[in-house]
Structures are given as structure tokens and as C-alpha cells.
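Visitor: starting from these lines, generate the structure:
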Amino acid sequence: MAEQLKRRKAAKGSVRIKNSRGWLQLVFTFNRRRRYLSLGVTDTKTARALAEMKARQIELDILSGNFDETLAKYQPQVTEPDDKAESVVEDEFTGPDLNELWEKFVEYKRPQCSPNTMYYVYGTYSNYMEQLPTYNLERAADIRDFAINTFPIESCKRFVVRLNACCKWACQSGLISENPFEGMSREIKPPKAKRKSEEGDIFPFTVAEREAIIEALRANTFCSKHSAYKHEHYAGYVEFLFLTGCRPSEAIALQWKNVSRDYGTVSFERAAITTGSGRKMRDGLKTQERRRFPCNAKLKELLNSVKPEKYTPETLVFPGFSGKVLNTASFRKTVWKPVLEGLKIEYRKPYQTRHTFITLALEHGLDAKDVAQLVGNSPEVIYQHYAGQKRELVVPEF
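Guide: Okay, the predicted model is just below:
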């Protein structure tokens, strides 16, 4: 996927190898026509080698002026050709095709998006682009139908939304005169399902469970003999999550310069994100640039207890066991999961510490708007997903 994202516009006369529903095709442009040469072989290591050879042959013939426009010269001798693989498909090509526009659009968006977005969003859709049967803008309906029948319906709709944005940008840039995908995504209607998001799966811990988890970590109760004191190292991190309701990515990125000298406030200003090249720190939070969190007595005591004797403003407040950036996958596997299993607590992801804080804050009378400000959500999200989740309705006497 990352390779697809990094790929730049193909050089003139170059031939691309494409997997089309399991069959190998060669895709290239000659005399402003997009050509698709199906090789009649499935995608295997041996077939790939054959495709590479044919692709180089076509490229050399185009450069030397010996290109066979009938394409017969480039047809491999397949012993048992399959009737599912067409020999040649040729699109009329009078201007930029969708793939070319997409590559330019991705480069236009790159400086405007985080590395995370470029990798997971545009990287995914660049991979989808590779699977399309045509890049002819006049066949936009065929592209839509192929996407509907090939990709998960929710992903398909978002993909078409991106194609629409791409072609809208191309129109504004003077590359094409009209957008064939305009309004097309509105006609794609996925079946109604429960909204899935960070706030869509709320299963908070009870106060007793919260305290039991923190205590088990401090005491290394369920720590294996191969990782002595490892659980104790993460007790402060987990307690901090429970006491602030911050996202784990925000706690991992927290530095001592973000904590006031009197431990009165914590300023969340960046987050740890995963990109194609590994774990990175991103300035700014998911929904805001920064968020200031007021510390109560319990949180002040925690911060004071975890502060090392030697540190710099850049030192992480909650580093991993090795002293580097906390590895969330390793933490869940070697620390979080064993503790929940040992305590016989039903497994939930560490993100449920956030849900626990929000739910308990509402139960103790904090206004939803104030809770939203503390955790960096909108009041609408708090009302929609949390208000009333675990609060018993009592009808007063009147």
C-alpha cells in the first residue's frame, strides 16, 4: 500500500503490470490510447516473470518505433488459454485518464495531510485504483459498478467520494472540463448498521475494576518471571489514562514540558501515530490543536510519583519499559491482557479507560459540555454516545 502511495506518474511509454481479478494484464498508453493486454495467465511468480519480459519488450518497441499495434507480437504462448481473460481491451484516450489525475491529486493533498492520513487513506485508495478495469473517464459508471462489486460497500462509497474530489480538483485546475463522478456517491447506499467509531463501542470499567487493575499492575501480581517488574512500570500510565480520559496516543506523546511545575495542569499538544515508516509524533490532536487539563489532587500525586530524578523538558512522561516510545501492541499483549485475564475481568481495549472516565464524570454530575472540553470531544458526541449509558433513570415523586 505504501508503495502504491509513493508511486509517481509513469514515464511516457512505460508498461505497468496489473492484477485484474486474479489475471495479469499489461497497461500502457500508445498514441493517446490506453491499452490493456490480458496475458491469459493467473498471477503467479512464473507468470509475473513472463509479464515483466513482455512489458520490457513493449517499452523497447515503443522507444525504437517498432511497436506492433495489433499486439499479436506480445501475446504469450499459453497452452490452455482461459476464456475469462480477454486478449486486448482498448480505451479511447483523448486526455488525462483517471489514474493520472489521481496521482496528481495525491501529490496535491500530500502537504495538506498528516502522514497517517496519507498512508491509511490515500494509500488504501491508491491500491483500489490499481484494481480498476479502466481509467477512461467516459466509463465512470463502469468504474463505480466495478467498485460496488469488488470493494466493501462502505469503502466503495468513500472511494467514490474521493474520486469525485479528485475530478472536482482536476476541473478547477483546468485538467478536465467536467466531473463524471459528481453526485455519484449519493446513489451508493450501504445497509444501515450501528455506527462504528471510537465512541461507538462503549464498555466502561467499574470503579472496582479500575482500582483492581491499577493495584495488580503496581504489585506485579500477574507479571511473568521473564518480565519481572514490567507491569509495575506501566501502572502510572494506566492510572493516568483512567484519571484524565485522554486518548492513549496523547498520553504516550506527553513530555514533562507539558506538565506545569506545580502539577496543576497538563497540556496535551501532540499524539503518537503509526505510519508506513513506523511510530511518529504528530503535533496537534485528533480534534483540536491542544487541550489543557486541570489536575485534581489524585492526579497531582501520580505525576509527582512518576517524575524521574533526571529528566529534560523533552523527556517522555510515560516511556516504554525500554525507555523508548511506548509500544502499544507489546503493552496490550504482555501487560494489559494478562492482568485482565488474571483478574477475571472481561477483556476490553485500553481505549475503554477513556470511556470509563467520561461515563464516571457524567455519573458524578459534570455537565456534558464540560466533559467534552476535558476530553477533546464535541458536546454532541458526549450527548449521543455517553449521556445515559450507565445512568439509571429515576422518576422523582411529584
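Visitor: wait, doesn't L285 sit right on A271?
Guide: Yes. Using CB atoms under 8 Å, L285 is in contact with A271, at 5.8 Å. To be clear about C-beta, it is placed using only N, CA and C from the backbone, and glycine gets the same treatment.
Visitor: more neighbours: which of those two?
Guide: Ranked by neighbour count (other CB atoms under 10 Å), L285 and A271 place A271 first, with 23 against 19.
Visitor: pLDDT at the closest residue to the more buried one other than its chain neighbours, what is it?
Guide: Excluding the flanking residues, the one nearest A271 by CB to CB, 6 or more residues apart in numbering is S249, at 4.2 Å. With respect to pLDDT, S249 scores 94.
Visitor: just to be sure, S249 is in a strand?
Guide: No. Judged by DSSP: H, G, I helix; E, B strand; the rest coil, S249 forms no part of a strand; its state is helix.
Visitor: residues touching it, list them.
Guide: A271, A272, I273 (CB atoms under 8 Å, 6 or more residues apart in numbering).
Visitor: distance from the host helix or strand of K300 to the middle of the chain?
Guide: Using DSSP states H and E, K300 falls within helix 297-306. When distances are taken as CA atoms, centre = their mean, to the nearest Å, helix 297-306 is centred 34 Å away from the chain's centroid.
Visitor: still on that earlier bit, mind listing the shared neighbours of L285 and A271?
Guide: R247, E250.
Visitor: show me where the stretch 51-200 of the chain has its helices.
Guide: 98-109, 115-117, 123-131, 140-150, 153-172 (DSSP state H, counting those that start in this stretch).
Visitor: so for this structure, which residue is the most central one in space?
Guide: Y120 (3.8 Å; CA atoms, centre = their mean).
Visitor: so who does the closest residue to T315 other than its chain neighbours touch?
Guide: Nearest residue to T315, sequence neighbours excluded (CB to CB, 6+ apart): W256, at 5.2 Å. Taking CB under 8 Å, 6+ apart, we find W256 in contact with K307, Y311, T312, P313, E314, T315, V317.
Visitor: any idea how far V375 is from W256?
Guide: 22 Å (CB to CB, to the nearest Å).
Visitor: follow-up on the earlier one: need the residues that contact the helix holding K300.
Guide: Contacts for helix 297-306 (CB under 8 Å, 6+ apart): 236, 239-240, 243-244, 259, 262-264, 266, 295, 317-318.
Visitor: strands along the stretch 1-150 of the chain, start to end?
Guide: Using DSSP state E, counting those that start in this stretch, the strands of the stretch 1-150 of the chain run over 16-20, 23-30, 33-42, 88-91.
Visitor: figure out which of these is closest to I148.
Guide: strand 16-20 (16.6 Å; CB to CB).
Visitor: mean confidence for that closest one?
Guide: 77.
Visitor: quick check: which ranges of this structure have low pLDDT?
Guide: 1-13, 20-21, 32, 34, 77-95, 192-200, 226-229, 276-277, 387-398 (pLDDT under 70).
Visitor: would you map out the domains in it?
Guide: 1-94, 96-187, 207-386 (automatic domain parsing).
Visitor: and the end-to-end length of the longest one?
Guide: So that's domain 207-386. 17 Å (CA to CA, to the nearest Å).
Visitor: distance between that domain and the chain's centre?
Guide: On CA atoms, centre = their mean, the centre of domain 207-386 falls 21 Å from that of its chain.
Visitor: ok, now the shortest one?
Guide: From the chain centre to the centre of domain 96-187 is a distance of 17 Å (CA atoms, centre = their mean).
Visitor: re earlier: so how far is G376 from the residue nearest to A271?
Guide: 11 Å.
Visitor: before we move on, the earlier item: any of the contacts of helix 297-306 buried? List them.
Guide: G236, E239, F240, L243, T244, V259, Y263, V266, C295, V317, F318 (16 or more other CB atoms under 10 Å).
Visitor: the first one against L326, yeah?
Guide: In other words, G236. No. Proximity of G236 to L326 does not meet the contact threshold set by CB under 8 Å, at 11.4 Å.
Visitor: mutual contacts of these two, please.
Guide: F318.
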